[in-house]
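Engineer: Following is a predicted model, sequence given first.
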Amino acid sequence: MSTTDTAVANRSDTDQEEQASVSKYLVMRSHLDIVNRKPTFEPFDDLPRYWVDGHKGLTQFNNIFSLVIPEGEKFFIRSVMRVKKDIKDPQLLDDIISFSKQEAHHAKAHIEFNNVLRKHGYDVDGFTKFTKRYFYVVEKFLPAKIALALTVFMEHLTAVMAEGAHRFPELQEGLPKEARDFWDWHAVEEMEHKSVAFDVLTEIGGGYFTRTLTAGIFITLCIISMTFITPVLMILGMMTNRGKDKPAEKSVTLKELEAMRPGVMGEWNKFVWQSFKKYFHPGFHPWQNDDIEYITRWREKNTLRSNE
Ligand SMILES: [Fe+2]
Ligand SMILES: [Fe+2]
């Protein structure tokens, strides 16, 4: 057998292994519905300036997440919708609608959250303008399948962080109730819909190479961006709190986190790394990280607040 034949045979084995694993997890997923809720939160008006346990660096870290989310969610929705016409599976078509509704709710809720950050003096509009342009450029130049593969990877990262937030509730100690409820709700819905983009990519023929190569390129670009672009943004004041103080300039060290949450950070790092690595296994499916327990627990406590 020639080298090319061996490579093709290996690739075919990998694809078959992946397909078998995906079928198994699709069955598991079919037992969990993606709920469209009408989120109702207490207003964020009284949110303290450093709302993560009074810590500047951690607050800024979470604020940046929140600032990226509205445009990020819109990009995720568009990247799934771009290929919806090629989906035949009726369950998956329903899932696409539920996924889009949940992400649209997240975008809207984070815009409200970010309005409070604006009051705290953050350059919310400048940041939003930047992220809008960023996703516009990404969308303009990437083929639909690659843009979707990028969404699949981002959804995996989000789902891992979401599971981590529920698995290690100690990390949320010191958060005001309204902020904790808000992030918990978003995290649960991320876990609920975590396989939708993946299943859509699989149905349109995006396999192991498409998703891992896209993830690899994205990680490389992030490293370049963090090394070269982020300092420029900070100099321009886009990632800093213009005016009185500049929390983005205070980075959070692992030592500092360990001091704040003794014993938890090591477990957290181990969990995140193990879950992250799974993405690069040939037979990966998002439901290999089984977090139904956390979704169920949250649902039991929050039935009154959800529109189930
Ligand atoms: Fe979301
Ligand atoms: Fe999501």
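Structural biologist: On my side now, so go ahead. Ligands and ions are numbered 1, 2, ... in the order given.
Engineer: For ligand 1, what's its nearest residue on the chain.
Structural biologist: residue 106 (3.6 Å; C-beta to the ion). Glycine gets a C-beta too; all of them are placed from N, C-alpha and C.
Engineer: Beyond the one helix or strand that residue maps to, next helix or strand please.
Structural biologist: Per DSSP states H and E: residue 106 is located in helix 90-119. Downstream of helix 90-119, the next assigned helix or strand under DSSP H and E is helix 124-141.
Engineer: That following helix vs helix 90-119, what angle?
Structural biologist: Interaxial angle, helix 124-141 versus helix 90-119 (axes from the mean of the first three to the mean of the last three C-alpha atoms, to 10 degrees): 150 degrees.
Engineer: Would you indicate which residues of helix 124-141 are buried?
Structural biologist: Neighbour counts over helix 124-141 (16 or more other C-beta atoms under 10 Å) mark 124, 127, 128, 130, 131, 135 as buried.
Engineer: Output those in a markdown table, with pLDDT appended to each entry.
Structural biologist: Output for the buried residues of helix 124-141, formatted as a markdown table (pLDDT from 0 to 100):
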| residue | pLDDT |
| --- | --- |
| 124 | 88 |
| 127 | 85 |
| 128 | 90 |
| 130 | 87 |
| 131 | 88 |
| 135 | 90 |
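Engineer: how about those, which pair is most distant?
Structural biologist: Greatest spatial distance among the buried residues of helix 124-141 (C-beta to C-beta): 124 and 135, at 16.4 Å.
Engineer: What parts of this protein come near ligand 1?
Structural biologist: Proximity of the chain to ligand 1 (C-beta under 5 Å from the ion) is limited to residues 103, 106.
Engineer: residue ranges with poor pLDDT in the chain?
Structural biologist: Applying pLDDT under 70 to the chain flags residues 1-31, 225-260, 303-308.
Engineer: quick one: the helices in it?
Structural biologist: 3-29, 56-81, 90-119, 124-141, 144-167, 177-192, 196-203, 208-224, 230-236, 254-260, 264-278, 292-301 (DSSP state H).
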